[in-house]
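Q: Any chance you can model this:
(one chain, ligands or ions: 1)
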Amino acid sequence: MSETAISPNIVPEHAENGDTWTRRIFLAAAGVAGIGYAAALAYPVYRYLASPSEMALSAAAVTEATLKDAQKLPKGAVLMFKFGPSPAMLIHHTDNSWVALTAVCTHLGCTVQYEPEADRIHCACHGGVYNPYTGANVSGPPPKPLKLFKVAVNDTGVEVSRT
Ligand code: FES
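A: Numbering: from 1, shown residues only. Reported below is the predicted structural model:
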């Protein structure tokens, strides 16, 4: 056996360093991928669990909305729209009055619906009922009225703003 021959049990130093670096790069890449994957999973959970007060702050940041062509809404009809991050509704009543309210139930936050045939706003989650003109909580578990918005109808649309 010559002096330069390499025994199969002896790994040359440079080969060990290469393996170590490959392993480190692989572990670093796996770590970065794992962090990205965890963040992708955590964000929807965070949004789902975001506190109602945080959502309210976000909603309060928006003070007005322009509903283009909403002046054409027929009497007795409702237009659902987003006021910031929250659902809201614009009702054109049969007496030609206009009402805009938040569509978030004050009980547990379900989205409420206008029912023109019953002349009420109803929450299907637990049977809450609101007055469609004032937003007052009429029956069921809702503890507070729906928030009313200010409405201005013009030739191009309807402007809704916080009062
Ligand atoms: S969430 Fe609307 S009545 Fe309970």
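
Q: ok, then the element right after the helix or strand of the chain with the lowest mean pLDDT?
A: In the chain, no helix or strand scores lower on mean pLDDT, DSSP states H and E than helix 52-60, which sits at a mean of 64. Note on helix 52-60: by DSSP states H and E, the next helix or strand toward the C-terminus is strand 64-68.

Q: for the helix or strand following that next one, which positions count as buried?
A: Note on strand 64-68: by DSSP H and E, the next helix or strand toward the C-terminus is strand 77-83. Residues 78-79, 81, 83 are the ones in strand 77-83 that count as buried (16 or more other CB atoms under 10 Å). The C-beta positions use only the backbone N, C-alpha and C, and glycine is treated the same way.

Q: Can you lay out these as TSV showing pLDDT?
A: Formatted as TSV, these follow (pLDDT from 0 to 100):
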residue	pLDDT
Val78	97
Leu79	98
Phe81	97
Phe83	93
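
Q: a markdown table for those residues, including distance to Phe149?
A: As requested, those are exported to a markdown table (distance: CB to CB, whole Å):
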| residue | distance to Phe149 |
| --- | --- |
| Val78 | 14 |
| Leu79 | 13 |
| Phe81 | 11 |
| Phe83 | 7 |
